[in-house]
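K.L.:
okay, predicted coordinates and the sequence, questions at the end:
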There are 2 protein chains.
Amino acid sequence: MEYAKSLARLIGQLERLPGVGPKSAQRMAFWILSHPREDAAALAEAILEVKERIRLCPVCFNFTDEEICAIDRDPRRDRSLLCVVAETRDLVAMEKTNEYKGVYHVLQGVISPMDGIGPELLKIRELIRRLEDGQVKEVILATNPTVEGDATALYLARLIKPMGIRVTRIAHGLPVGGDLDYADQATLIQALEWRREI
Amino acid sequence: MEYAKSLARLIGQLERLPGVGPKSAQRMAFWILSHPREDAAALAEAILEVKERIRLCPVCFNFTDEEICAIDRDPRRDRSLLCVVAETRDLVAMEKTNEYKGVYHVLQGVISPMDGIGPELLKIRELIRRLEDGQVKEVILATNPTVEGDATALYLARLIKPMGIRVTRIAHGLPVGGDLDYADQATLIQALEWRREI
């Protein structure tokens, strides 16, 4: 059976979203169809508005709807501590811990030669420029513990260390509540390598 | 951390979609933010257009962007055979089999007293009216094999049988390729009850 044209188009558009397959795109489209016009309008408007209002913070490249993002405006944040993450969602995850009180720098990606993403496409130049005034005393590299994340961290460490700034990497190891028996080999090897005296 | 207002609003709107939790809503919102404005506009437009263009077919209550849906317009469909489904997505599933050549009637829901959905909220009156001209010789009740689906089928059977029309129910049983050992009790009981001589 062929869908009506505009329905097929909507399903196609929804399928482009991350984590949305044909089945869930269909489910969403039917949801939109069977709900009042105002619900669909609210969703469409929210999509357009976010593109209209949200921009990258010129300091840390977090998303913001103001000139400078809420974190960089907050006088209570420790500006001597800078955490480098790949994406805004990583920043959100860090903020949820309620532990970290420093500031951030969002690279907007990781170095990935396979995808044609070299360092020049990330916000690395901006990071180095930001470090030049000597205010930052430690840079925490919090890219993901993946091949690309590790490579990006290594690349940054080589750039930043010569500037006389302390460079640290978030720890690899077993997740809290994890089970040695279920941990993959790579994680176990890292957990051994990152061990420390207690 | 608080999201920028328009970003929080988009995440909230996306979370209303079926099967979308806070995490995937966030992922989708970031996807929209990091893609060109045209991509967001195409998605928003598709949502609005579908509400503009798609209506319910007045014959079978399938979604259509024409006066009468493609199935009801198709002269090759067997109008003596009518399959009753709860939702358009069930019709889509049936059509994908490429086996069924009759027509449909989409109830737009099932009877569910728990959710306050009585028969009067479904397209049941329209179904009965449709059966009155005597063209339909068999009604296949293809609501889901759930409590509500079964109850709705039973309700319809009681209405339609007195009209002298053959009423059938799609079979309950083990899925093809299924395993007795893994089947739940209810399915096994049904598979026994629906057994037939071979």
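P.N.:
That came through, no problem. Being a predicted model, the structure only gives us computed values, none of them experimental.

K.L.:
quick one, strands of chain A?
P.N.:
Ranges of strands in chain A, per DSSP state E, are A:55-56, A:63-64, A:78-85, A:102-106, A:138-141, A:166-169.

K.L.:
got the buried residues for the last one?
P.N.:
Along strand A:166-169, these residues count as buried under the neighbour rule (16 or more other Cβ atoms under 10 Å in any protein chain shown): A:167, A:169. The C-beta positions use only the backbone N, C-alpha and C, and glycine is treated the same way.

K.L.:
and for the fifth one?
P.N.:
Buried residues in strand A:138-141, defined by neighbour count with 16+ other Cβ under 10 Å: A:139-141.

K.L.:
same deal with the third one?
P.N.:
Under the neighbour-count criterion of 16+ other Cβ under 10 Å, strand A:78-85 has A:81-85 buried.

K.L.:
which residue packs closest to A:Leu156, ignoring adjacent ones?
P.N.:
Taking Cβ to Cβ, 6 or more residues apart in numbering or on different chains, and ignoring the residues beside it in sequence, A:Leu156 has A:Leu141 as its nearest neighbour in space, at 5.8 Å.

K.L.:
gap between that neighbour and chain B?
P.N.:
20 Å (Cβ to the nearest Cβ, to the nearest Å).

K.L.:
does that residue touch A:Val167 like I think?
P.N.:
Yes - counting by Cβ atoms under 8 Å, A:Leu141 does reach A:Val167; the two are 6.6 Å apart.

K.L.:
need the contact list for the closest residue to A:Val50 other than its chain neighbours.
P.N.:
Leaving aside its sequence neighbours, A:Val50 sits nearest to B:Leu10 (Cβ to Cβ, 6+ apart; 4.5 Å). By Cβ atoms under 8 Å, 6 or more residues apart in numbering or on different chains, the contact list for B:Leu10 reads A:46-47, A:49-50, B:29, B:32.

K.L.:
equivalent analysis for A:Leu174, please.
P.N.:
A:Leu174 touches A:180, A:183, A:187-188, A:191, counting by Cβ under 8 Å, 6+ apart.

K.L.:
recalculate using a threshold of 6 Å.
P.N.:
A:183, A:191 (Cβ atoms under 6 Å, 6 or more residues apart in numbering or on different chains).

K.L.:
of the strands of chain A, which is nearest A:Pro22?
P.N.:
strand A:63-64 (29.2 Å; Cβ to Cβ).

K.L.:
quick check, the closest one touching chain B?
P.N.:
Yes - counting by Cβ under 6 Å from any Cβ of the partner chain, chain B has neighbours in strand A:63-64: A:63-64.

K.L.:
chain center to that strand: distance?
P.N.:
12 Å (Cα atoms, centre = their mean, to the nearest Å).

K.L.:
widest-spaced pair of the contacts of B:Leu10?
P.N.:
Farthest pair in the contacts of B:Leu10 (Cβ to Cβ) is A:Glu49 and B:Ala29. Separation: 11.5 Å.
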